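Undergrad: sequence and predicted structure, then a few things I'm wondering about:
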Amino acid sequence: MKIELVQLENIRSHVKSTIPFARGFNCLVGGLGCGKSSILYAIDFALFGDPVGRSYEYLLRESTNSGKVTVQFVHNGQTYTITRGLKRRGKNIGQDFESLKLFQNETLISSVKSDAVAEQIKAITGLDKEIYREIVWVKQEHLKELLDTRPRDRQTRLDELFGLSDYEAAWNNIAIYQRDYEKEKEIYEKDPDIAGIEKLNDEYNDTAKEFTMAEIEQQDMSVKLAAAKKALEEAESRLKRMEETRTKGEELKRKEARLQANLTNTETTIAATSSKIAAKKKALEEFEHRLSKLQEQVSSCMHELQEMGFTSDQTLDLLKQRLTSFDDRISSLKGEQEANQRGVREDQKRITSLSAENRCPLCLQPLTTEYKDGLMQRIQTENTDRQRASDVLQQEIEVLKKTKKRADDSTSNLQTLNSKIDDLKNRTEEEAAALTELTDELEGKLKLQQEQTLELEAVRGEISRFDASALESAKTQREEAFRKYYKAESDLRTLENRKKDLVKRLDDAKDKIDHAQQKIERMKKIENAVIVINGIRDAYRSIQPRLRSEFVKVLRNFAQQVLDNIVGEEGPLLNITIDESYTPFVSSDSGVEREVANLSGGERTLLAFAYRLGLGQLIMQSRTGHGLSMLLLDEPTESLGREDGSIDRLAEAVSRFKAIEQIIAVTHNEAFAEKAEHVIRLEKEAGESQVSIER
């Protein structure tokens with residue numbers, strides 16, 4: 001992991017700052033309070049979010065309500081950018097989760113939730129908050145913290161970082177299972193099922209013998225039950241036949257009553273039908289009498305028509321046609337009469353005209369009195385003849401009208417009479433048909449009466465043959481057979497229930513035996529498990545010292561290499577030895593071993609630096625699989641001076657330490673900063689940090 005860029009907004013003395021970092025040795029240099037350490041605190045906040053302390057007061061700039069940190073870093077060829085914000089809410093300061101975002105290149109891979117972002121950071125870099133703050137970030141005045149810690153506390157702390165404390169925890173946790181298994185084993189040893197398993201086996205065998213005897217008894221009882229069942233079935237069959245006979249007798253009695261009722265109904269129907277036949281005959285006689293009267297009236301009408309010149313064989317349609325010819329004749333006579341009347345009127349006009357005229361209206365010749373009188377006499381004679389003819393025509397018309405009226409009346413009466421005759425004939429035919437039907441019905445009823453009488457006599461004969469005593473005998477026989485069958489069935493059911501009880505006892509005994517056997521097997525497994533657990537605990541107890549010994553060897557080599565690089569050829573030779581509590585000791589060329597407390601301040605600082613770098617490399621290898629790639633140092637020159645060259649040697653060693661990809665150091669010491677590959681200077685103007693890149 002290598003940090004490329006840090007951007008701060010309203011973070012402590014930084015209003016808006018951008019700090020670029022590069023591979024190798026980076027040095028943040030400046031005076032006290034100019035905002036150097038704030039950058040390291042801001043990086044920690046951006047990566048993990050938790051405050052270093054109880055609150056975020058140490059980060060957010062006073063008199064501001066919000067702040068933001070952006071860190072851009074590279075890991076395994078991928079560029080990541082993480083942004084976190086702070087927001088003031090009243091008197092409290094908290095994270096602004098809306099601004100929490102983690103990008104891979106330009107793709108958002110996590111946001112809003114701090115735990116999710118922290119998991120992503122750990123998945124990408126292998127770093128969690130604990131390793132970062134213990135190994136990667138060496139805070140001010142914490143460089144010698146591990147050297148000054150008591151050996152037991154140092155061992156406990158480093159065992160946790162190396163993961164060796166997990167073996168101790170496993171050893172303690174397995175002890176719980178060991179105690180549980182031993183306690184369970186003691187319980188099984190006192191278990192009554194295990195102690196009494198022989199008694200359970202004896203009880204099972206006795207019950208099995210009793211079950212065998214019960215099966216033999218059941219077979220014998222099954223034979224008895226089958227015989228009783230057969231006898232019962234025969235008795236029930238006989239009783240069923242008797243009951244069927246009784247049922248048949250009851251059915252015959254019901255049939256007798258039904259036949260008697262039907263016979264009575266038939267006799268009643270015969271009487272009613274006879275009355276209807278008599279009524280129909282009387283009605284037919286009445287219809288024949290009325291038909292005779294109507295036919296006499298028809299003969300009278302025909303006689304009258306014959307008197308008027310109509311023949312007796314003419315139909316009504318011909319008669320109506322003849323009557324129509326009467327109208328034509330009357331109309332013709334009236335026309336002829338009207339013509340005569342017109343002639344009379346015209347002649348009268350001529351007479352009047354001739355009496356007044358003296359000239360002929362046709363030839364215009366003068367008329368003589370004699371000619372006029374003769375002409376008028378002739379016209380008068382013609383008028384008299386015409387008037388006489390008109391009178392004759394009038395008499396003929398009157399005669400024709402009277403004849404027509406008589407003929408009309410006779411024809412109308414004849415038509416009415418014929419209609420009545422037809423209707424009466426239809427009714428006569430209907431009554432005759434009804435009479436025939438009633439006669440046929442009467443004959444059928446008389447035949448049915450005879451059949452019903454014979455059937456009734458036959459049914460009464462069958463009823464007389466039924467014997468009620470045979471039914472009572474069959475009932476008694478069936479009850480006796482049922483009693484024997486019920487007793488056999490009850491005895492068999494008792495045996496079956498006894499067998500079920502024995503089976504249940506066998507199953508219970510077997511379950512107890514199986515359960516006891518399972519307990520015995522479980523107890524044996526527990527005994528074996530206790531042996532295995534003891535072996536595992538012994539193994540865990542032996543693994544931890546061995547691994548710690550290996551870690552101590554590697555740590556001594558790492559720390560010695562770093563210390564040799566720091567001291568260089570010009571400094572005093574210091575040999576490091578480390579015991580099982582991770583406590584370092586230093587010996588000189590003369591072989592005199594000294595404790596850390598007896599070293600000078602500069603030597604302690606150099607040793608602490610070498611020790612921390614060695615620990616960092618070893619812990620990162622054991623926890624993440626790769627070495628320490630980034631180191632943050634906050635004021636590492638404590639107790640070092642330039643006059644003895646210790647600061648220069650430390651700076652030179654840091655600059656030459658290529659095993660770590662990126663080192664970011666915060667210092668106010670210009671001599672230390674001179675050895676850095678990249679120098680970032682911070683100054684404070686008007687309460688605000690100013691950042692400038694020197695190289």
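TA: It's in.

Undergrad: domain map for this structure?
TA: Following automatic domain parsing, one finds the domains of the chain at 2-141+599-693, 174-196+477-536, 218-466.

Undergrad: quote the end-to-end distance of the first one.
TA: It refers to domain 2-141+599-693. 18 Å (CA to CA, to the nearest Å).

Undergrad: how far does that domain sit from its chain's centre?
TA: Computed by CA atoms, centre = their mean, to the nearest Å, the chain-centroid distance of domain 2-141+599-693 equals 56 Å.

Undergrad: state the mean pLDDT of that domain.
TA: Average pLDDT, domain 2-141+599-693: 87.

Undergrad: now the longest one
TA: The average pLDDT within domain 218-466 is 76.

Undergrad: contacts for stretch 217-228?
TA: With CB atoms under 8 Å, 6 or more residues apart in numbering as the contact definition, stretch 217-228 has outside contacts at 481, 484-485, 487-489, 491-492, 495-496, 499. The way it works is simple: take the backbone N, C-alpha and C, and place the C-beta from them, glycine included.

Undergrad: could you pull up the contacting residues of residue 129?
TA: 48, 50, 118.

Undergrad: where does the stretch 451-600 of the chain have low pLDDT?
TA: 466-468, 470-471, 539-541, 566-573, 588-591 (pLDDT under 70).

Undergrad: which residue ranges of it form strands?
TA: For the stretch 451-600 of the chain, the strands defined by DSSP state E, counting those that start in this stretch cover 575-578, 584-587, 593-595.

Undergrad: which residue of this structure lies farthest from its centroid?
TA: No residue in the chain sits farther from the centre than residue 370, which is 139.8 Å out by CA atoms, centre = their mean.

Undergrad: and it, how close does it get to residue 347?
TA: 19 Å (CB to CB, to the nearest Å).

Undergrad: would the residue farthest from the centre of the chain count as being in a helix?
TA: Yes - Residue 370 forms part of a helix when assessed by DSSP: H, G, I helix; E, B strand; the rest coil.

Undergrad: of all the strands of the stretch 451-600 of the chain, which one is nearest residue 688?
TA: strand 584-587 (43.0 Å; CB to CB).

Undergrad: what's that closest one in contact with?
TA: Contacts for strand 584-587 (CB under 8 Å, 6+ apart): 147, 559, 574-579, 593-596, 599, 603, 607, 611.

Undergrad: any idea how far the residue lying closest to residue 547 once chain neighbours are set aside lies from residue 544?
TA: In space, and not counting its chain neighbours, residue 547 is closest to residue 164: 5.8 Å by CB to CB, 6 or more residues apart in numbering. Computed as CB to CB, the residue 164 to residue 544 distance reads 5 Å.

Undergrad: cool, residue 89 as well?
TA: Counting by CB to CB - residue 89 and residue 544 are separated by 48 Å.

Undergrad: higher neighbour count, the two?
TA: Between residue 89 and residue 544, counted using other CB atoms under 10 Å, residue 544 has the larger neighbour count: 18 against 9.

Undergrad: circling back to that earlier point, pick out whichever of the contacts of strand 584-587 sits closest to residue 172.
TA: residue 579 (24.1 Å).

Undergrad: tabulate the strands of the stretch 451-600 of the chain (a markdown table), appending distance to residue 217 and mean neighbour count.
TA: Formatted as a markdown table, these follow (distance: least, CB to CB, whole Å; neighbours: other CB atoms under 10 Å):
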| stretch | distance to residue 217 | mean neighbour count |
| --- | --- | --- |
| strand 575-578 | 89 | 18 |
| strand 584-587 | 93 | 19 |
| strand 593-595 | 97 | 12 |
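
Undergrad: just the helices in this structure please.
TA: Counting by DSSP state H, one finds helices in the chain at the ranges 36-48, 114-125, 129-131, 145-148, 151-162, 165-189, 192-195, 197-307, 316-356, 369-464, 468-567, 601-624, 646-656, 670-674.

Undergrad: and the first one, what does it pack onto?
TA: Contacting helix 36-48 under the criterion 3 or more CB pairs under 8 Å, 6 or more residues apart in numbering; DSSP states H and E are the following elements: strand 2-11, strand 14-20, strand 24-30, strand 66-75, strand 78-89, helix 114-125, strand 630-634, strand 662-667.

Undergrad: with distance to residue 170 added, can I get those in CSV?
TA: Listed next are the helices and strands packed on helix 36-48 as CSV, based on distance: least, CB to CB, whole Å:
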stretch, distance to residue 170
strand 2-11, 37
strand 14-20, 45
strand 24-30, 42
strand 66-75, 32
strand 78-89, 35
helix 114-125, 23
strand 630-634, 32
strand 662-667, 36
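
Undergrad: quick one, which of those gets closest to residue 424.
TA: Closest among the helices and strands packed on helix 36-48, using CB to CB: helix 114-125, at 117.7 Å.

Undergrad: just to revisit the earlier point, tally of neighbours for the residue nearest to residue 547?
TA: Neighbour tally, residue 164, other CB under 10 Å: 20.

Undergrad: that one: what's it in contact with?
TA: Applying CB under 8 Å, 6+ apart, we find residue 164 in contact with 158, 544, 547-548, 551.

Undergrad: quickly note the distance from it to residue 9.
TA: The value you get for residue 164 to residue 9, if CB to CB is used, is 43 Å.

Undergrad: check residue 472 too.
TA: 119 Å.

Undergrad: and residue 444, how many neighbours does it have?
TA: Around residue 444 there are 14 residues (other CB under 10 Å).
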